[in-house]
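> generate coordinates for the sequence data below:
(chains A, B, C and D)
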Protein chains: 2
Amino acid sequence: MPQAAATAAKGAATRAAILDRAIDLASAEGLEGLTIGRLAAEMEMSKSGLFGHFGSKEELQLATVEAAALRFRRAVIDPVLTIPDGADRLRAMIDAYLDHIDVGGYSGGCFWGSTAAEMDDRLGPVRDAIAAALDAWLAELERQAGLAGLAHPDLAAFELYSVVMGANLRYRLSKDRQVFDHARASVDRLLAEATK
Amino acid sequence: MPQAAATAAKGAATRAAILDRAIDLASAEGLEGLTIGRLAAEMEMSKSGLFGHFGSKEELQLATVEAAALRFRRAVIDPVLTIPDGADRLRAMIDAYLDHIDVGGYSGGCFWGSTAAEMDDRLGPVRDAIAAALDAWLAELERQAGLAGLAHPDLAAFELYSVVMGANLRYRLSKDRQVFDHARASVDRLLAEATK
DNA sequence: CCTACCGATCGGTAGG
DNA sequence: CCTACCGATCGGTAGG
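Next comes the predicted model:
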């Protein structure tokens, strides 16, 4: 590998490592609380060294949202692609998401719950990127709800979205894992309509 | 009124006006984004003049959460106290809450949605105060769900809580008022179980 | 990638 | 309630 390419590859790897840490930091502290100084300290880099990878705080925030969307896709969407469309796929996606929140995924709770509530009243590309990611998640839920034969896929998607977000928020406040059972029971009730 | 009492009353009025503004600012910018300098500028006071009412940022945050809980009670709980317990009361509370989010109430969207997501990963009295307020709201939903004759009041309360929070978050991201119809349809579906 | 800065703003204090 | 500060931290820049 030529030296220039090796340097570029190392730069990309550093950038990826920064974003990995940035997702968790933003999940806990928000996208404003994701400060360049603090992120640099955690990465054991200088502030300006880290800053150079992005050029502005907004670009760092955008790159973090993008990286979080990729992590979400890998944890929740990709693993269920082999499962038949409809009720089974829907069920598997919800389970993957609840596991993602519960066990692995985001150390600081769900990235999307935190950042969507933080940014929803603002204007600009960061807010728009978050909105687009959540719209895509809602649209996928609606598509699968339609394929599952539910009477009102848009309503079902809204309820699934709400229950899963609600479970995340309740769990983080109460630390009571029973909320995941509640969320799964809600999903069962919704999907029962499709199979009866 | 003696001069000392008049002075104290004026101080209390100023404090109440500050907190009224603080709720809206925190709804939009979060409880960390609620900075003393910005709040002082909006109240056309000096920073230290405002600071003196609270003594620390944490006390300001706690007072703001308390004031928001009072506003919530006045908008959502008190107006429905004359309505019979059970399904009717539950329905009226949800409607009051959705109106509260939609029309009046919080200029920056729901205070509780924003601040709960912001603070849920932290430790300390501010987080605990938010958790207590939301626990009380969930408990009231569960109590009324029980009185409405629902089979699983805890599950129903979780679903109502989630759907109402989800409507708030979806509305703020999509600006599509249809989410309120979805929320009301979800509530109808839940309550139908109680009356059939 | 680094050191060494910049002006602005943070929470908070002194003194009145 | 005010002016005038404090040290720390913010996002960002200059220069290497």
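> okay, CA-based contacts and neighbour counts for the rest of this
Noted.
> list the contacts for residue A:15?
Each residue near residue A:15 by Cα atoms under 8 Å, 6 or more residues apart in numbering or on different chains is listed here: residue A:53.
> any idea how far residue A:160 lies from residue B:86?
If you measure residue A:160 against residue B:86 using Cα to Cα, to the nearest Å, the figure is 25 Å.
> those two: which is more packed in?
The residue with more neighbours, out of residue A:160 and residue B:86, is residue A:160; 26 against 19, by other Cα atoms under 10 Å in any protein chain shown.
> hang on, isn't the more buried one packed against residue A:188?
No. In terms of Cα atoms under 8 Å, residue A:160 does not count as a neighbour of residue A:188; the distance is 10.4 Å.
> look up the pLDDT of residue A:71 for me, please.
Residue A:71 is assigned a pLDDT of 94 by the prediction.
> now name the helix or strand holding it.
Per DSSP states H and E, residue A:71 falls inside helix A:57-72.
> same question for residue A:170.
Secondary structure assigned from DSSP H and E places residue A:170 in helix A:153-174.
> run the contact check for that helix versus chain B.
Yes. For a cut-off given as Cα under 8 Å from any Cα of the partner chain, helix A:153-174 has contacts with chain B, namely A:155, A:158-159, A:161-163, A:165-167, A:169, A:172-174.
> give me the neighbour count for the residue nearest to residue A:164 when sequence neighbours are not counted.
Computed as Cα to Cα, 6 or more residues apart in numbering or on different chains, the closest residue to residue A:164 that is not its neighbour in sequence is residue A:183, at 6.3 Å. Here the count is done by other Cα under 10 Å, and residue A:183 has 26 residues near it.
> report the distance from the helix or strand harbouring residue A:183 to the chain centre.
With elements taken from DSSP H and E, the one containing residue A:183 is helix A:178-195. On the basis of Cα atoms, centre = their mean, to the nearest Å, helix A:178-195 is displaced by 21 Å from the centre of the chain it belongs to.
> with just CA atoms, put it into PDB.
Extracted C-alpha coordinates of helix A:178-195, given in PDB (Å, rounded to 0.1, in the frame of the first residue of the first chain):
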ATOM      1  CA  GLN A 178     -40.700  -5.200  33.400                       C
ATOM      2  CA  VAL A 179     -41.300  -2.400  30.900                       C
ATOM      3  CA  PHE A 180     -39.800  -4.600  28.200                       C
ATOM      4  CA  ASP A 181     -42.500  -7.300  29.000                       C
ATOM      5  CA  HIS A 182     -45.100  -4.600  28.700                       C
ATOM      6  CA  ALA A 183     -43.700  -3.500  25.400                       C
ATOM      7  CA  ARG A 184     -43.700  -7.100  24.100                       C
ATOM      8  CA  ALA A 185     -47.300  -7.600  25.400                       C
ATOM      9  CA  SER A 186     -48.400  -4.500  23.500                       C
ATOM     10  CA  VAL A 187     -46.800  -5.800  20.300                       C
ATOM     11  CA  ASP A 188     -48.500  -9.100  20.800                       C
ATOM     12  CA  ARG A 189     -51.900  -7.400  21.200                       C
ATOM     13  CA  LEU A 190     -51.300  -5.500  18.000                       C
ATOM     14  CA  LEU A 191     -50.100  -8.400  16.000                       C
ATOM     15  CA  ALA A 192     -52.900 -10.700  17.200                       C
ATOM     16  CA  GLU A 193     -55.200  -8.600  15.100                       C
ATOM     17  CA  ALA A 194     -53.300  -9.600  12.000                       C
ATOM     18  CA  THR A 195     -53.400 -13.400  12.600                       C
END
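> quick check: buried residues in that helix?
Of the residues in helix A:178-195, those buried under the neighbour-count criterion (16 or more other Cα atoms under 10 Å in any protein chain shown) are A:179, A:180, A:182, A:183, A:184, A:186, A:187, A:190, A:191, A:194.
> is the lengthiest helix in chain A anywhere near DNA strand C?
Ranked by residue count and defined by DSSP state H, the top helix of chain A is helix A:3-33. Yes. Interface with DNA strand C: helix A:3-33 contributes A:10, A:11, A:14 (Cα under 7 Å from any atom of the strand).
> just the angle for that helix relative to helix B:3-33, thanks.
150 degrees (axes from the mean of the first three to the mean of the last three Cα atoms, to 10 degrees).
> give the buried residues for helix A:3-33.
Of the residues in helix A:3-33, those with enough neighbours to count as buried (16+ other Cα under 10 Å) are A:18-19, A:22-33.
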